[in-house]
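In: need a structure here:
(2 chains, ligands or ions: 1)
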Amino acid sequence: MKNKYDVLVIGGGPAGALAAKTAAQAGNSVCIVEKRPAIGTPVRCAEGIGKELLKEYIRPDPRWISADIESARIIAPNGTAISLDQARAGNEVGYVLDRKIFDRELVWQAAEAGADVIVKTRATAPIIENGAVRGAKVLSAGVPADIRAEVVITADGTEAQFARWAGLDTTVPLREMMSCAQYVMTDIDINAGSTDFYLGNSIAPEGYLWVFPKGDRTANVGIGITGRKSHDGSRAKDYLDRFVAKNFPNGKAIEAIAGGVPVCRPLPCTVGDGLLVAGDAARVVDPITGGGIGNAMYTGRLAGEVASKCIEAGNCSKEALMAYDTEWRASRMGMIIERNYKVKEYFLTLDDKKLNTLADSIASISFSEFSVSALIRELIKRNPKLLFELKALKDTLA
Amino acid sequence: MSTMLRINRDKCGYCGTCVAVCPEDALELIDAYLSLERECIACGICARACPLGALEVVHEE
Ligand SMILES: Cc1cc2nc3c(=O)[nH]c(=O)nc-3n(C[C@H](O)[C@H](O)[C@H](O)COP(=O)(O)OP(=O)(O)OC[C@H]3O[C@@H](n4cnc5c(N)ncnc54)[C@H](O)[C@@H]3O)c2cc1C
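Out: Take a look at the predicted model:
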């Protein structure tokens, strides 16, 4: 570890790895500090990612792909299942990764591009001079050190404390924090080619429960509920335990994890003087699915590119770095997040009865003739009021 | 009477969900344990968000 780099990256997740790799490839000296003793563990993720999305960043490799997914099923509170095949489910059908290996591979690629990687090293404060971030104070296996840099890219995940210490408010409102628990379960009867999403107020209030296969009889079985629905006796873990007791009574949990997924809007500003914020720390998770691996890689790479350009131009002011913020907001990702945020807010207003109606309407249309007008015909038959609500949603999206 | 936050380290999954919702930036995840690093106002938001029920605001005489 040196005490000065062109780019310092805080956090060795997908966002940090892509940021470091990109900046190193552009010829910068780069360092990643990761507070955990090992990259990639514990895994706090259901590990699902769309195939096309993944391929934009890395060539799929069987070493870190646990399962190839052909369809997704959404199961309504009354049990109606809507099955989506690859073509229709788009990005949400894809691979279930093995993130222990995947995250390591990404960081290894950053290291191969020339970045230093230092584990068990926690950033404890930004170094700020004349209002600009100039590096970070770290504790490296208990030993304090200062690491100076032209640009700090903070990719410290859900906790997002570094940006907070530098003056950006990253606090997630309780109602927009998905409180999650997950087991890796084995010896269970599942459809190994399908990711299943269970909806319903008694199953996963304001969230969903997932079964993502990791092999023939193994899956990530997890749940996310909003923080405001989380109380003693009805926490994420309680809902998950009830589901597992009912559906997989003989399954074995070989791993238990917890985690938080921010489903708020992205930070109003993701740059500062000498500072870029990427990945979960920037709050760029998809508000509907809670998926953030792809968005972390996208923002990480972009942050690495913009940092490199600004360093080359000799101007790492907030104004110069703002190109990063502007670009991701105008990107496809930025637009999808904004749209899905609104759809999520609408979905939160749906009770089980409405969810069932919606699911029954969709399920009764054969996919070969699926169209919006067919859906509207079904909805008029079943619940015209829902149709007006959907129209209102459509208008807010327009 | 005073209120304070109690962390049950045996229940805690050190996931950091609480850190992200804390309005005071009082909590910090240090590798494999959660620590109260700065002043806590015992608002209880973290205790609500915790997926595992590892946090509790307790009232002491
Ligand atoms: C239960 C659950 C299920 C999920 N399922 C999916 C899914 O199926 N598909 C999907 O796409 N996404 C999913 N996500 C979201 C996904 O895991 C994240 O979006 C993704 O990991 C974000 O990557 P990142 O690099 O931004 O952050 P992270 O992967 O969280 O990496 C941040 C890193 O920064 C480190 N760090 C934090 N603070 C410091 C510090 N002060 N100093 C040094 N290092 C620090 C952390 O230890 C961590 O290693 C899920 C999340 C959860 C919790």
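In: buried ones in stretch A:198-212?
Out: A:198-200, A:203-212 (16 or more other C-beta atoms under 10 Å in any protein chain shown). Heads up, the C-betas are built off the backbone N, CA and C, glycines and all.
In: Stretch A:4-14 now?
Out: Neighbour counts over stretch A:4-14 (16+ other C-beta under 10 Å) mark A:5-14 as buried.
In: ok, which of these also contact the ligand?
Out: Restricting the buried residues of stretch A:4-14 to those touching the ligand (C-beta under 6 Å from any ligand atom) yields A:10-14.
In: mind giving me TSV with the buried residues of stretch A:198-212 and columns for pLDDT?
Out: Putting the buried residues of stretch A:198-212 into TSV (pLDDT from 0 to 100) gives the following:
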residue	pLDDT
A:Tyr198	96
A:Leu199	96
A:Gly200	96
A:Ile203	97
A:Ala204	97
A:Pro205	97
A:Glu206	97
A:Gly207	96
A:Tyr208	97
A:Leu209	98
A:Trp210	98
A:Val211	98
A:Phe212	97
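In: The residue nearest to A:Tyr95 when sequence neighbours are not counted pairs with what?
Out: What sits nearest to A:Tyr95 in space, not counting adjacent residues and going by C-beta to C-beta, 6 or more residues apart in numbering or on different chains, is A:Ile65, at 5.0 Å. A:Ile65 has the following beta-bridge partners by DSSP bridges: A:Leu97.
In: Need the pLDDT of A:Ile65.
Out: pLDDT, A:Ile65: 97.
In: In contact with it, which residues are there?
Out: A:95-98 (C-beta atoms under 8 Å, 6 or more residues apart in numbering or on different chains).
In: May I see the residues you listed arranged in TSV, with neighbour count and pLDDT as well?
Out: Formatted as TSV, the contacts of A:Ile65 follow (neighbours: other C-beta atoms under 10 Å in any protein chain shown; pLDDT from 0 to 100):
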residue	neighbour count	pLDDT
A:Tyr95	21	95
A:Val96	23	96
A:Leu97	25	97
A:Asp98	20	98
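In: now, which of those residues sits nearest A:Ile188?
Out: A:Val96 (14.4 Å; C-beta to C-beta).
In: Surely that closest one touches A:Trp64?
Out: No: between A:Val96 and A:Trp64 there is no contact under C-beta atoms under 8 Å: 10.4 Å.
In: Start from the N-terminal end of the chain and give the helices.
Out: Here I'm looking at chain A. Secondary structure of chain A (DSSP state H): helices located at A:14-25, A:51-55, A:86-89, A:99-112, A:161-165, A:236-247, A:293-313, A:318-330, A:332-347, A:352-363, A:372-382, A:384-397.
In: um, chain B though
Out: Counting by DSSP H, the helices of chain B are B:17-21, B:45-49.
In: Generate a markdown table for those, with mean neighbour count as supplementary columns.
Out: Shown next, in a markdown table, are the helices of chain B (neighbours: other C-beta atoms under 10 Å in any protein chain shown):
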| stretch | mean neighbour count |
| --- | --- |
| helix B:17-21 | 29 |
| helix B:45-49 | 24 |
